[in-house]
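# here is my input; please provide its structure:
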Amino acid sequence: MSARLRNLNPYELHKYLVNVYCLNAKGSTVLLKRDTSGDRTDLDVIRENHKFLWEEDEVADTWEKQLAKKYYDKLFKEYCICDLS
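Alright, predicted model coming up:
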């Protein structure tokens, strides 16, 4: 071992050796990639929590509902109530 590695405590030595192994071993960088299968964009969250009409006094309790309500509040709303019979 080099003098630099002798001065490391066991935890730091372990971290160093694992990093060297993961970065230098063939094909092991796949382990470092994060799983993106559960990722959602803002648009996905808005689509999941969309309501056609929100009540004025309705409280959005989660961040997803808050985002959907904020998007709803920014929309230009013009409705026509008519009898099409």
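# now residue 13: which helix or strand?
With elements delineated by DSSP states H and E, residue 13 resides in helix 10-24, which encompasses its position.
# next SSE downstream of that helix?
Beyond helix 10-24 on the C-terminal side, the first helix or strand identified by DSSP H and E is helix 42-48.
# who are the packing partners of the helix or strand just after that following helix?
Tracing the chain past helix 42-48, the next element assigned as helix or strand by DSSP H and E is helix 63-74. Using 3 or more C-beta pairs under 8 Å, 6 or more residues apart in numbering; DSSP states H and E as the contact criterion, the elements in contact with helix 63-74 are helix 42-48. C-beta here means a position set from N, CA and C on the backbone, and glycine is covered the same way.
# got the buried residues for the helix it packs on?
Counting neighbours by 16 or more other C-beta atoms under 10 Å, one finds that the buried residues in helix 42-48 are 45, 46.
# distance from the chain centre to that helix, please.
When distances are taken as C-alpha atoms, centre = their mean, to the nearest Å, helix 42-48 is centred 12 Å away from the chain's centroid.
# which residues touch that helix?
Helix 42-48 is contacted by residues 40, 64, 67, 68, 71 when judged by C-beta atoms under 8 Å, 6 or more residues apart in numbering.
# I'd guessed residue 22 sits against residue 32; true?
Yes. Counting by C-beta atoms under 8 Å, residue 22 sits close enough to residue 32 to count as a contact (6.4 Å).
# next one, pLDDT for residue 1 please.
At residue 1, the predicted lDDT confidence score is 57.
# re the thing from before, which one of residue 22 and residue 32 has more residues nearby?
When residue 22 is set against residue 32 and neighbours are counted by other C-beta atoms under 10 Å, the residue ahead is residue 22, at 12 against 9.
# kindly provide the whole-number mean pLDDT of stretch 21-35.
Average pLDDT, stretch 21-35: 74.
# and that stretch, how far from the chain's centre?
22 Å.
# may I have it exported as PDB, CA atoms only?
C-alpha atoms of stretch 21-35 as PDB (Å, rounded to 0.1, in the frame of the first residue of the first chain):
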ATOM      1  CA  TYR A  21     -13.200  -1.000  -8.200                       C
ATOM      2  CA  CYS A  22     -16.500   0.400  -9.400                       C
ATOM      3  CA  LEU A  23     -14.800   2.800 -11.800                       C
ATOM      4  CA  ASN A  24     -12.100   0.500 -13.100                       C
ATOM      5  CA  ALA A  25     -13.800  -2.900 -13.300                       C
ATOM      6  CA  LYS A  26     -15.100  -3.800 -16.700                       C
ATOM      7  CA  GLY A  27     -18.800  -3.300 -17.100                       C
ATOM      8  CA  SER A  28     -19.400  -2.200 -13.500                       C
ATOM      9  CA  THR A  29     -20.400   1.400 -14.300                       C
ATOM     10  CA  VAL A  30     -23.900   0.100 -15.000                       C
ATOM     11  CA  LEU A  31     -24.300  -0.200 -11.200                       C
ATOM     12  CA  LEU A  32     -23.800   3.500 -10.900                       C
ATOM     13  CA  LYS A  33     -26.700   4.500 -13.200                       C
ATOM     14  CA  ARG A  34     -29.900   5.400 -11.400                       C
ATOM     15  CA  ASP A  35     -33.200   3.800 -12.100                       C
END
